[in-house]
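> I would like to see how this sequence folds:
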Amino acid sequence: MSLLNVFNIAGSGMSAQATRLNTVSSNMANANNISGNKDELYRAKNPVFSTVMENVNGEYTSAGVRVDSIQESTVEPSKRYDPNNPLADKNGYIYKSNVNIMEEMANMISASRSYQNNVEILNTAKQMMLATLKLGE
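Numbering: from 1, shown residues only. Just a heads-up that it's a prediction; the model follows:
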């Protein structure tokens with residue numbers, strides 16, 4: 001593997017983690033949404049990643065990561081009886097988004113650290129290339 005491939009691999013990781021941070025922020029922004037119809041309610045979203053493989057001389061090597069899709073959570077929203085709420089359905093129930101703030105905070109910390117790790121990989125690769133160029137002086 002060429003040292004130049006490190007930039008593509010780390011860059012794809014940074015892009016994937018940025019997508020993850022965007023979905024976390026969207027989830028957290030909509031965590032307290034309520035509705036009288038559970039089908040119209042915001043549902044938590046999560047990115048699905050896959051490994052990008054590259055065929056080099058008959059062998060597959062890892063060449064990065066990509067976001068395959070953004071999927072909605074299948075967890076049912078919470079239901080609460082509140083007949084005085086103007087958004088309540090005909091039976092007096094309101095529904096709250098299925099976003100779990102604790103899970104989202106953990107996802108945010110994990111994505112942020114993964115992003116930082118990829119930045120460090122880029123910086124280390126750059127320093128190694130510069131050190132290699134200085135060998136010729």
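> Tell me the pLDDT of Asn22.
Asn22 is assigned a predicted lDDT (pLDDT) of 97.
> State the distance from it to Met108.
Computed with C-beta to C-beta, to the nearest Å, the distance linking Asn22 and Met108 is 11 Å. The way it works is simple: take the backbone N, C-alpha and C, and place the C-beta from them, glycine included.
> just Met102 next, same as before
11 Å.
> Show me which of those two is the more surrounded one.
Applying other C-beta atoms under 10 Å to Met102 and Met108 shows that Met108 carries more neighbours, namely 16 against 7.
> and that one, what does it touch?
Under the criterion of C-beta atoms under 8 Å, 6 or more residues apart in numbering, the neighbours of Met108 are 21, 24-25, 28.
> if you set the cut-off to 10 Å instead, what comes out?
Applying C-beta atoms under 10 Å, 6 or more residues apart in numbering, we find Met108 in contact with 20-21, 24-25, 27-28.
> Run the chain-centre distance for the helix or strand harbouring Met108.
Take DSSP states H and E as the rule and Met108 turns out to sit in helix 101-134. Chain-centre distance of helix 101-134: 15 Å, with C-alpha atoms, centre = their mean, to the nearest Å.
> Understood, closing this out.
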